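# Attaching a predicted model along with its sequence, questions to come.
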Amino acid sequence: MSGIYLHIPFCKQACHYCNFHFSTSLKHKAGVLKAMEEEMRLFQEVGWGFPVETLYFGGGTPSLLSVGEIAHFIGLADELFGLGAHAEITLEANPDDLTPEKIKALAQSPVNRLSIGVQSFDEGELRAMNRAHTPRQALECLEAVSGLFDNFSVDLIYGIPGSNMEKWALNLSTALGFRPPHISAYAMTVEPSTALHTFIEKGISPPVDEEEARAQFEYLADTLEQAGYDHYETSNFGFPGYYSRNNSAYWQGKPYLGIGPAAHSFDGRRRWWNPAHNLKYNRALEEGVLPREIEELTPRDRYNEAVMTGLRSRWGVSLARVREDFGPHYEAYLMQQARPFLESQLLFLDDGVLYTGRKGKFLADGIASDLFMINLK
């Protein structure tokens, strides 16, 4: 199984926390879409030797595309790579883009999953993040989507500077009122070169309160598990049968093909990425060149990635797989590094699988970094 990710690098406005590649000008939209089509055709020619079972429109804000443009790319992916009969086709969308008419049109299209970027239902928090939608638009959007889509996800952010448990609990209960089959909840992070980073440095915004963020994460996990959701990845919760198949493939180390400016790809042995520059991307594809930079992954790189993705997910890190894929010395090293975390019950070992315990989920990335192989001769 593999997936295709389409990076649509356009947004109405810049969210203060976001460091993804995007442009708020649609001036070169037609050129980028044409180049993305050419990139897909070139990969079909050179051969993408994996069956495709998920197609994911990400960004940026892919809901800026018309339903016709979305349908065109779905048809092209099917023509070139062959989508499985039960392929998961996801569109990331902002509430302000999803009018009742567009939701109905999408429900009649091959799109069978929506990921709604709500982030918060609190007006003050939305303004602080510079989101384009209002709480009312989010509520109206989810009301319409929940009536027409069986499979949809709500994205939320916790640990927002200045937030508190009361606001977070209200955000969560509001989302649960629509009974979404899937919820993604991400910790607010302060990335360099973002407006939020500048605001915090200048004292315009309070910094992220790590203790508050941790408390909100624990409340999130408790609340959603009691509501019947599986906590299958650090930031992702789904009812059984409604895990994101696209995201699950990432955490299980499966191949994926990224199309578009700044998109990343992985074939199991190599990783490559496109330039985070729309015009450079366009020019290369106009010349029939795949504009990618390729990294050949060493066994150490692949081990480190297996540890990182495994500890973030419910599938954990299989000692047998580490031994088979990398050798017994890697397995021994992993257990040596894991010992203090096992003793403190941040990690557990069950049936040959190493996984994060309840206390360790919030710290999964930090724990993984301590298990990385840094300097293997």
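The structure has been received and is ready for your questions.

# which ones are touching the most centrally placed residue in the chain?
Centroid check for the chain by C-alpha atoms, centre = their mean gives residue 247 as the closest residue, at 6.4 Å. Taking C-beta atoms under 8 Å, 6 or more residues apart in numbering, we find residue 247 in contact with 233, 236. All C-beta spots, glycine's among them, are computed from the backbone N, C-alpha and C.

# Could you tell me the model confidence score at it?
pLDDT, residue 247: 91.

# ditto for residue 375
For residue 375, the model assigns a pLDDT of 58.

# Within the helices and strands, which one has the residue nearest to the centre of the chain?
helix 245-251 (DSSP states H and E).

# Can you list the low-confidence ranges for this protein?
The model of the chain has pLDDT under 70 over residues 375-377.

# Now do the helices in it.
Under the criterion DSSP state H, helices of the chain are mapped to 29-46, 67-81, 100-107, 123-129, 135-148, 165-176, 195-201, 210-226, 245-251, 278-286, 299-312, 319-326, 328-343, 364-371.

# Okay, buried residues for the first one please.
Neighbour-count burial for helix 29-46, with 16 or more other C-beta atoms under 10 Å as criterion, is recorded at 29, 31-33, 35-40, 43.

# and of those residues, the nearest to residue 334?
When the buried residues of helix 29-46 are compared for distance to residue 334 (C-beta to C-beta), residue 43 wins out at 34.7 Å.

# my guess is the closest one meets residue 290, correct?
Yes. The pair residue 43 and residue 290 passes the contact test of C-beta atoms under 8 Å, sitting 7.5 Å apart.

# What about the closest residue to residue 135 other than its chain neighbours, how many residues nearby?
Using C-beta to C-beta, 6 or more residues apart in numbering and skipping residues adjacent in sequence, the residue nearest residue 135 is residue 121, 4.9 Å away. Look at residue 121: counted by other C-beta atoms under 10 Å, it has 22 neighbours.

# Contact partners for residue 121?
Contacts of residue 121 by C-beta under 8 Å, 6+ apart are 135, 138-139, 170-171, 174-175.

# Only whichever of these are buried, select them in PyMOL.
Selection of the buried residues among the contacts of residue 121 in PyMOL, burial being defined by 16+ other C-beta under 10 Å:
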select buried, resi 135+138+139+171+174+175
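
# wait, which of the contacts of residue 121 is closest to residue 49?
Nearest to residue 49 among those: residue 175, at 39.6 Å, using C-beta to C-beta.

# what's the distance between that closest one and residue 139?
10 Å (C-beta to C-beta, to the nearest Å).

# cool, and residue 68?
28 Å.

# is it true that residue 320 touches residue 352?
Yes. Contact criterion C-beta under 8 Å: residue 320 and residue 352 qualify, at 5.7 Å.
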